[in-house]
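S.K.: need a structure here:
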Amino acid sequence: MAINRDSNVYTIVFATIMVIVVGGILAFLSMSLKPKQQANVTNEKMQNILQAIGIEETDGVTREDAGKMFNEFITRRITINYKGEIVSDKTAADAIDPQDKLDAFNINIRKEYSRFVKPIMNQNKGDEAKIEEALSNSEDIHFPIFVCENNGETYYVLSASGKGLWDDIWGYIGFKSDAKTINGSVFDHKGETPGLGSKIAEDWFQDQFIGKTIAENEEYTPIKVLKPGKTLDQHQVDGISGATFTGVGVDEMLERNMKVYYNFFKNSPDFSSVSNVNAEEVTGPEGGEESNTMGYIESLTFSGVFAEDFNLLLQNYDSLTDGESKSFVIEGIVFSAGSSNINVKSSKETLDNILAGLQNTPNAMIELSGHTDNMGEEDVLLKLSEGRANAVKDYLVENGIDAARISAVGHGATMPLGDNETDEGKAQNRRTEIKIIKNNIIAEVNE
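M.R.: You can find the predicted model right below:
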C-alpha cells in the first residue's frame, strides 16, 4: 500500500515524529552539557571568591584553575543568619555537597535578595525599624563567610547583593584579619548599561575599595559611593560618571550586608585574629611569670623567641631538678578564626619543632593551656580555649607522643596578659601556652 505523502494524516504524523526526534536530540544534548555548564558556574564563583581575597597568589586566577586552588586557600566556609548566628560551619576537609543548602558556597545571595530581602524592603519602605525587624526574623536570609589563610595571615571574603539600575548587582569583598579593612573586591552585574553601570566590574572601580574601612571609633561606618570629584575619606569611593543609580545600588547593598558581618565579627570571640599572640614572654617577677623556686630556669638566658627558648630549655633538660617547670607562649601555631581548627600548613614547622623536642625528652610532662580575650560569652570563650589546647595535644598524640604525658586545659579570658581594652592587649591574651615539667607525676600536671 503506497503512502499518500500529500495527505493531512501523513503531514501530521511526519511532523509529530520530527518534533519527538529533534526534541529528544536537544534534550540529550542539554543533559550532556549540563554537568559542564554547572562546573563552569561553580568554578566562576570560586574564581570570584579567590580574586576578592586581594592577595598576590590568587590575583588573576583563571576559572579553570580556580577549582584546583579553592581549598588550598579557603580553609573554612561559614554561614550566618541576619542575627549573626552560625548555622553552618565547614572546613576545607568537608566536600562541597550541592544538596547542603546551608553550606556557605551554596548560598545564592542573588536569589535570596530577590525572593526574600527585596519584598521586605518594598513592603516596609521608609520604615527602617520594621525592615530591620523583618530581616532579623527571616529564616531564609543567609550571609556566607569564606575564611582564607595564607602565609600565617587570615582574610575574610564576604558577600553582598542588591539592585542596580536595570537588574541585580552583587559582589565579593575581601577583608584583612581585623574584619574591618578591605583588602580586595569583585563586583558584577546582570544587565547594567554598557560603558556606564557595567564599569563596576572594572579593576579601576574595584581597586578603590582596597584600604577602605567599615569602622571608626569601634562603630560601624558604611562605605559610601560618591559622585566623582569629591574629596574622599577612608569610608568613601568615587562613583561612575553617568551611572548614579548603579552607584546607589552598590552603596545600598554594601551598607545593608556589611553591617550584618561587622556585628558578627564584633560580637564573636577571637575573630579579629587567628594566630596566637606573638609577643615575647617576659620571665621573672616583673613580667608576671609564675614564681620558680628552683632557680635553675631563671639562670638560663632566654631570648623571648619561642622556638629558641623552647629548644634551649630542652637542651638543658637533664640539668633540671625534678618538678622544675617552665611555661612558654607558643608562637607560630595558626588557628582558623573563632575555631579550634589548626591550619597545619602554616603551623607545621612550629608543631614539628615541639614534636621533635618532646621525642628527645621522653620523661618530660607537658601541660597545654588555651587563653582568649574577653570578647564573647564566658562559656564560649572557655570552650574555644580548651578546644585549641586539645587540638595541639591531638596533633602531638597523632604523631607519636604518649597521651599520658600531656594534659590540656582551657582558661578562657580568666588569665589575661594584656589590657582587654586595647587591640594590642587582646592580641596578647589570645594565646596557647606550653609548660614543660621535668619528671612530674601526671596527677600534679592535671591539677
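S.K.: what strand or helix carries residue 327?
M.R.: strand 325-329 (DSSP states H and E).
S.K.: residues contacting the helix or strand that comes right after that strand, please?
M.R.: Next in sequence after strand 325-329, counting helices and strands by DSSP H and E, comes helix 344-359. Around helix 344-359, the neighbours that count as contacts under C-beta atoms under 8 Å, 6 or more residues apart in numbering are 149, 151-152, 306-307, 310-311, 314, 330-334, 342, 364, 366, 392, 395-396, 399-401, 405, 434. Every residue, glycine included, has its C-beta placed from N, CA and C.
S.K.: which among these end up buried?
M.R.: Buried subset of the contacts of helix 344-359 (neighbour count, 16 or more other C-beta atoms under 10 Å): 149, 306-307, 310-311, 314, 330-334, 342, 364, 366, 392, 395-396, 401, 405, 434.
S.K.: in strands only, show me these.
M.R.: 149, 364, 366, 434 (DSSP state E).
S.K.: OK, contacts around the last one?
M.R.: With contacts taken as C-beta under 8 Å, 6+ apart, residue 434 has the following neighbours: 310, 327, 328, 330, 354, 366, 367, 368, 392.
S.K.: for the second one, grab the count of nearby residues.
M.R.: Read it as residue 327. 17 (other C-beta atoms under 10 Å).
S.K.: list phi and psi for the nearest residue to residue 239 once chain neighbours are set aside.
M.R.: Excluding the flanking residues, the one nearest residue 239 by C-beta to C-beta, 6 or more residues apart in numbering is residue 247, at 3.7 Å. Here is the backbone geometry of residue 247 (degrees, to the nearest 10): phi -60, psi -40.
S.K.: list the contacts for residue 247?
M.R.: 225, 227, 239, 240.
S.K.: try residue 100
M.R.: Taking C-beta under 8 Å, 6+ apart as the test, what residue 100 contacts is 88, 106.
S.K.: i'd like the first residue to be 3 from this point on
M.R.: All right, first residue 3 from here; so that's residue 102.
S.K.: tell me the spacing between it and residue 115.
M.R.: Distance of residue 102 to residue 115, given as C-beta to C-beta, to the nearest Å: 21 Å.
S.K.: mind checking the end-to-end distance for stretch 395-411?
M.R.: Terminal residues of stretch 395-411 lie 10 Å apart, using C-alpha to C-alpha, to the nearest Å.
S.K.: ok, and what's touching it?
M.R.: So stretch 395-411 is contacted by 344, 346, 353, 356-357, 360-361, 366-372, 388, 391-392, 394, 444, 447-448 (C-beta under 8 Å, 6+ apart).
S.K.: which of the contacts of residue 249 count as buried?
M.R.: For the contacts of residue 249, buried by 16+ other C-beta under 10 Å: 227, 241, 242.
S.K.: of all those residues, which comes closest to residue 381?
M.R.: residue 227 (41.5 Å; C-beta to C-beta).
S.K.: my read: the closest one touches residue 253, true?
M.R.: Yes: using C-beta atoms under 8 Å, residue 227 is in contact with residue 253, at 4.4 Å.
S.K.: tell me the contacts of residue 41?
M.R.: residue 69.
S.K.: and the pLDDT at the one residue sitting closest to the centre of the chain?
M.R.: A centroid search over the chain (C-alpha atoms, centre = their mean) returns residue 149, at 2.0 Å, as the residue closest to the centre. Looking at residue 149, its pLDDT reads 94.
S.K.: kindly report the same for residue 106.
M.R.: For residue 106, pLDDT reads 96.
S.K.: and it, how many residues sit next to it?
M.R.: 26.
S.K.: next: the one 10 residues further on.
M.R.: Burial measure for residue 116: 15 neighbouring residues, criterion other C-beta under 10 Å.
S.K.: same deal with residue 346?
M.R.: 12.
S.K.: likewise for residue 193?
M.R.: Neighbour number of residue 193 under other C-beta under 10 Å is 13.
S.K.: just give the nearest non-adjacent residue to it, would you?
M.R.: residue 169 (4.3 Å).
S.K.: surely the one you found and residue 194 touch.
M.R.: Yes: between residue 169 and residue 194 there is a contact at 7.4 Å, judged by C-beta under 8 Å.
S.K.: more neighbours: those two, which one.
M.R.: Shown here are residue 169 and residue 194; by other C-beta under 10 Å, residue 194 has more neighbours (24 against 14).
S.K.: what's the pLDDT at that one?
M.R.: So, for residue 194, pLDDT stands at 91.
S.K.: would you map the helices across the stretch 103-252 of the chain?
M.R.: 111-114, 120-125, 130-139, 205-208, 246-269 (DSSP state H, counting those that start in this stretch).
S.K.: could you list the low-pLDDT ranges of the stretch 153-302 of the chain?
M.R.: 271-301 (pLDDT under 70).
S.K.: how about the strands in it?
M.R.: 155-165, 170-177, 184-191, 217-218, 221-222, 226-228, 238-240 (DSSP state E, counting those that start in this stretch).
S.K.: right, and the helix or strand after the longest helix seen in the chain?
M.R.: Longest helix in the chain by number of residues (criterion: DSSP state H): helix 10-55. Next along the chain after helix 10-55, taking DSSP H and E as the criterion, comes helix 65-75.
S.K.: which residues touch that following helix?
M.R.: Counting by C-beta under 8 Å, 6+ apart, 41-42, 44-46, 48-49, 51-52, 55, 59-60, 63, 94, 150-152 sit against helix 65-75.
S.K.: same thing but 10 Å
M.R.: Around helix 65-75, the neighbours that count as contacts under C-beta atoms under 10 Å, 6 or more residues apart in numbering are 41-53, 55, 57, 59-60, 63-64, 79, 93-98, 107, 148-152, 157, 159, 347.
S.K.: if any of these are buried, give me the ChimeraX selection for them.
M.R.: Here is the ChimeraX selection string for the buried members of these, based on 16+ other C-beta under 10 Å:
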select :44,45,47,48,49,50,51,52,53,55,57,60,63,79,93,94,98,107,148,149,150,151,152,157,159
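S.K.: picking up where we left off before, pick the most buried one from the strands of the stretch 153-302 of the chain.
M.R.: strand 170-177 (a mean of 25; mean count of other C-beta atoms under 10 Å).
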